[in-house]
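Engineer: coordinates only, no sequence provided:
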């Protein structure tokens, strides 16, 4: 094999690996997109988000869901949410599981997430589907 072909093959593998790595949702992106959901997760009494997430929250959930294409992506998303919520003094983890469905997202199923959640055990449903 010529050195050029060998070099080209290595570069192709490196580019493929970096493309796959970029597909995973980054924690800063997850934080930015899901920050409007905090009112809903806290179930704030003086908020319209007591029963339903805001449009901004759902927009963020829909954006993040587009980046979840594998179980590894879902695990990464869970870990980011877990990390972010560890800084929130009071929220209801039981408000997390219905959030994707309330926002019309069918490919993500999340458990109640708190500091004890094992994100590696979350099941993955497959391709992105939005409802509505």
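Structural biologist: Nice, thanks for sending it over. Because the structure is a prediction, the values reported are computed rather than measured.

Engineer: residues in contact with residue 113?
Structural biologist: Residue 113 is in contact with 78, 81, 82, 85, 93, 96, 119, counting by CB atoms under 8 Å, 6 or more residues apart in numbering. To be clear about C-beta, it is placed using only N, CA and C from the backbone, and glycine gets the same treatment.

Engineer: same deal with residue 35?
Structural biologist: Applying CB under 8 Å, 6+ apart, the residues near residue 35 are residue 60.

Engineer: ok, of the contacts of residue 113, which come out buried?
Structural biologist: For these, a burial check counting by 16 or more other CB atoms under 10 Å picks out 78, 81, 82, 85, 93, 96, 119.

Engineer: which of the residues you listed lies closest to residue 103?
Structural biologist: residue 96 (11.8 Å; CB to CB).

Engineer: neighbours around the nearest residue to residue 94 once chain neighbours are set aside, how many?
Structural biologist: Excluding the flanking residues, the one nearest residue 94 by CB to CB, 6 or more residues apart in numbering is residue 112, at 5.0 Å. When neighbours are counted by other CB atoms under 10 Å, residue 112 registers 12.

Engineer: pretty sure residue 112 is touching residue 99, no?
Structural biologist: No - if you go by CB atoms under 8 Å, residue 112 and residue 99 don't touch, sitting 10.7 Å apart.
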